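Chemist: What follows is a predicted structure for the sequence shown.
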Amino acid sequence: MNFKVGDEVVVIAGSDKGKKGKIIKTNRKENTVVVEGVRIVKKHQKPNGQDNGGIIEKEAAINASNVMIIDPKTKKRTRIGHTTDSKTGKKIRIAKKSNEKID
């Protein structure tokens, strides 16, 4: 999985297709990501010391294959490639459409 927390992504499959958001959490073992504002589910929560109980809405995980990163230059969805930085020699992520570096 080539995604990191904070990446701007768009959902390409499922009931939330077309929605955009930032990645909040990644799970490399299960190949899932949590995107803000996408796949909102209702959770019944018991009261504890800090919060009252009730039904809360939160984002659930979706499979990483159902999202694509947004190209920083063209603002369209793109795949992620890897290359080495000529100055530092470190491996960096690039957008395949525009060859722009992804932070």
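Modeler: Now that the structure is in, tell me what you want to look at.
Chemist: And the strands in this protein?
Modeler: 8-11, 20-27, 32-35, 40-45, 54-59, 62-63, 67-70, 77-78, 80-84, 91-95 (DSSP state E).
Chemist: May I have the residues that are in contact with the residue nearest to the spatial centre of the chain?
Modeler: In the chain, the residue lying closest to the centroid (Cα atoms, centre = their mean) is residue 23, at 3.3 Å. Residues counted as contacts of residue 23 (Cβ atoms under 8 Å, 6 or more residues apart in numbering) are 3-7, 9, 33-36. Quick note: C-beta positions are derived from backbone N, CA and C, even for glycine.
Chemist: Residue 85 too?
Modeler: 91-92.
Chemist: With residue 96 instead?
Modeler: With contact set as Cβ under 8 Å, 6+ apart, residue 96 has these partners: 78-81.
Chemist: if we take these, which one ends up nearest to residue 102?
Modeler: residue 80 (6.8 Å; Cβ to Cβ).
Chemist: so how far is residue 27 from the closest one?
Modeler: Between residue 80 and residue 27 the distance is 18 Å, computed by Cβ to Cβ, to the nearest Å.
Chemist: Nice, that's everything, thank you.
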